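> No letters, just coordinates:
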């Protein structure tokens, strides 16, 4: 029986590694902050959801051109109070707490009362996903070549790597990334600074940074990757992220540009209430079993 169980575990691990990663979120949701948002002088190209309070000034949401909405549906959802003093939000705002209109803060689509997003449910689901991704067995090694970390993705449709917080400050390069393949990089440490350095071979929509331990996060420069850091407060920084960002608190002037992870079985819908699609649910079951099988996996 034990031999059969081990065989099943390794078979499931292989099958899971062959499958794509999905965050299970609508592709239009570029930024999800479960805590608070305090920002100025920047933008998010797609839609935004904030579980706590939001203080926003000199900011635009849900537009690339500045003349039309990028996505239909509510552009900004705030679970708590909203203080919006300058800028433009497209496709309307939903506020669970208080909001006092300001003449220099333009909302195209109006402001409605209500939440429209299951913050508690999504946080629980994404916490399980982050843990399951962290438990996946590495598929290769990370090589240091003259100060640049090289991640070799040759022949893999899902390549998995683990690094520590100090490595996030270094130049990174993904080698031999096949078309349509994905890279998962788990980064371990409570305080993570991505620095301002080079990211070679990082293609939009193909890379996910999973930060299961992070409570503080600093980003500068530019990066083509999505970031899953549920418990991290993001400090002030400049630059851009081309991907979906999921954090606790967002206090950064970093631009978040529309470059989502592939969304399994989910079209770009007008609702921000995100039930987990069935294919992704099955994938999470597999990831959970793999986590049990590899609970004591070797770290690189």
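Yep, that arrived. From a predicted model like this one, the values you see are computed outputs, not experimental measurements.
> where do the helices sit along the stretch 101-250 of the chain?
All helices of the stretch 101-250 of the chain, identified by DSSP state H, counting those that start in this stretch, fall at 119-134.
> show me what contacts residue 66?
If you count contacts by Cβ atoms under 8 Å, 6 or more residues apart in numbering, residue 66 has them with 60, 88. Every residue, glycine included, has its C-beta placed from N, CA and C.
> Which of the helices or strands spans it?
Following DSSP states H and E, there is no helix or strand that holds residue 66.
> Quick check: it vs residue 237, distance?
According to Cβ to Cβ, to the nearest Å, residue 66 stands 23 Å off from residue 237.
> show me the contacts for residue 247.
32, 33, 34, 35, 217, 227, 229, 230, 232, 233, 234.
> wait, the second one sits on residue 51?
In other words, residue 33. Yes - here residue 33 lies in contact with residue 51, judged by Cβ atoms under 8 Å, at a distance of 6.7 Å.
> Now compare the contacts of residue 247 and name the two farthest from each other.
35 and 227 (15.0 Å; Cβ to Cβ).
> Please say which of those two ends up with more neighbours.
Remark: of residue 35 and residue 227, residue 227 carries more neighbours, 26 against 22, as counted by other Cβ atoms under 10 Å.
> in the sheet, who's paired with the more buried one?
On the basis of DSSP bridges, residue 227 is bridged to residue 209, residue 245.
> Read off the pLDDT value for it.
Per-residue confidence (pLDDT) for residue 227: 98.
> which ones are touching it?
Applying Cβ under 8 Å, 6+ apart, we find residue 227 in contact with 208, 209, 211, 217, 219, 241, 243, 244, 245, 246, 247.
> Pull out the buried residues from the residues you listed.
208, 209, 211, 217, 219, 241, 243, 244, 245, 246, 247 (16 or more other Cβ atoms under 10 Å).
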